[in-house]
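Enquirer: predicted coordinates and the sequence they were generated for:
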Amino acid sequence: MIKALVIKDLYVSYQGNQVIQNVSFEVEKGKLVGIIGPNGAGKSTLMKAILELIPRDTGVINIFGQSIRNFRKFVAYVPQRSDIDWDFPITVLDVVLLGTYPNLGFFKKPKKEDKDWAVECLRKVGMENFKNRQIGELSGGQQQRVFLARALVQNTDILFLDEPFVGIDVTSEETIIKILKELRNSGKTIIVVHHDLSKAEKYFDDLLLLNRSLVEYGTVNEVLDPEVISKAYSNQTFYVKERAKVSLS
């Protein structure tokens, strides 16, 4: 059976410093996976390296048995909100329509059916009434839901989200995780960079614990074991153990 994602011996450097070291893991199709670890662990760097948004030193990356270059248009990515220019003069609908371009071909514009599908994806995230608003006018949670709609419009088999729950309201967070679980249940594979250990058990099937190198990859219960968690959060052992206990109770 072809794995959704296979990473072998991945090393990544940034400004001359090696920030990802010897990371290898495999993700099965139809899993909702959280990437967790302390600040500075390289979580977002790992995701960007997998997507070839930044170069890697060495390593093999395969998505459904293919290189990311051959499979790129079948991959959806929601970046961190801090990576986006919210002042750019573009409407909510146009943001979502950007997700249709990988399948349109050169010099082709979205057709009526593409626009109808984009509106439907906005409806799924509860943002269809905001389609003509400028993206920068929305709240953080609303913006994140719009970018999830952009990912949905691509109708891909695998989605990557980088810290989608940071700085958003409870309603938006609940909406997003509900949709991600529905996608998982339909057979999609979803990889999420996440920081809140207290919600990890509720949100994910499997966890990847990272601290520059791979500390552990497995089920939520396996990774949230206090002894495992403390290997990555060495300076926050008591705090993390208590949170792990809460999340496992």
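Expert: It's in. Residues are numbered from 1 along each chain as shown.

Enquirer: centre-most residue in this protein?
Expert: By CA atoms, centre = their mean, the chain has its centre lying nearest to residue 161, at 1.7 Å.

Enquirer: what sits against residue 10?
Expert: Neighbouring residues of residue 10 by CB atoms under 8 Å, 6 or more residues apart in numbering: 20, 22-24, 46, 49, 56, 58-61. Using the backbone N, CA and C atoms, a C-beta is placed for each residue, glycine as well.

Enquirer: what are the phi and psi values for residue 170?
Expert: Main-chain dihedrals, residue 170, degrees, to the nearest 10: phi -60, psi -40.

Enquirer: low-confidence bits of the chain, can you list those?
Expert: The model of the chain has pLDDT under 70 over residues 102-108, 235-249.

Enquirer: let's see 90
Expert: The chain contains residues with pLDDT under 90 at 1-2, 14-17, 67-74, 80-89, 98-114, 167, 195, 233-249.

Enquirer: quick one: the helices in it?
Expert: 43-50, 68-71, 92-97, 112-124, 140-154, 170-185, 200-203, 220-223, 226-232, 237-248 (DSSP state H).

Enquirer: now render the contacts of residue 10 as CSV, adding neighbour count and distance to residue 207.
Expert: Converted to CSV, those look like this (neighbours: other CB atoms under 10 Å; distance: CB to CB, whole Å):
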residue, neighbour count, distance to residue 207
20, 25, 17
22, 14, 19
23, 22, 14
24, 14, 16
46, 28, 13
49, 25, 19
56, 19, 23
58, 10, 25
59, 17, 21
60, 12, 22
61, 18, 20
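
Enquirer: ok, these vs residue 5, which is closest?
Expert: Set against residue 5, the nearest of the contacts of residue 10 by CB to CB is residue 61 (8.0 Å).

Enquirer: which residues does the closest one bridge with?
Expert: Beta-bridge partners of residue 61, counted by DSSP bridges, are residue 7.

Enquirer: same thing with residue 190?
Expert: Beta bridges link residue 190 to residue 32, residue 159 when assigned by DSSP bridges.

Enquirer: and what of residue 217?
Expert: Residues in a beta bridge with residue 217, per DSSP bridges, are residue 208.

Enquirer: ok, now which ones touch it?
Expert: Listed by CB under 8 Å, 6+ apart, the contact set of residue 217 reads 25, 206-209, 223.

Enquirer: then residue 24?
Expert: Contacts of residue 24 by CB under 8 Å, 6+ apart are 7-10, 214.

Enquirer: tell me which of those is nearest to residue 34?
Expert: Ranked by distance to residue 34 (CB to CB), the contacts of residue 24 are led by residue 214 at 13.9 Å.

Enquirer: residues in contact with the closest one?
Expert: 22-25, 208.

Enquirer: want to throw those into CSV with distance to residue 123?
Expert: Listed next are the contacts of residue 214 as CSV, based on distance: CB to CB, whole Å:
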residue, distance to residue 123
22, 44
23, 38
24, 40
25, 35
208, 32
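
Enquirer: coming back round to it: so which of the helices of the chain comes closest to residue 133?
Expert: Nearest to residue 133, of all those, is helix 92-97, at 5.3 Å by CB to CB.

Enquirer: list the contacts of the closest one.
Expert: Contacts for helix 92-97 (CB under 8 Å, 6+ apart): 110, 114-115, 118-119, 121-122, 127, 130-135, 138, 146-147, 149-150, 153.

Enquirer: which of those residues are buried?
Expert: Among those, those classed as buried by 16 or more other CB atoms under 10 Å are 110, 114-115, 118-119, 121-122, 127, 130-131, 134-135, 138, 146-147, 149-150, 153.

Enquirer: can I get the contacts of residue 24 in CSV with distance to residue 230?
Expert: Shown next, in CSV, are the contacts of residue 24 (distance: CB to CB, whole Å):
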residue, distance to residue 230
7, 24
8, 27
9, 26
10, 24
214, 16
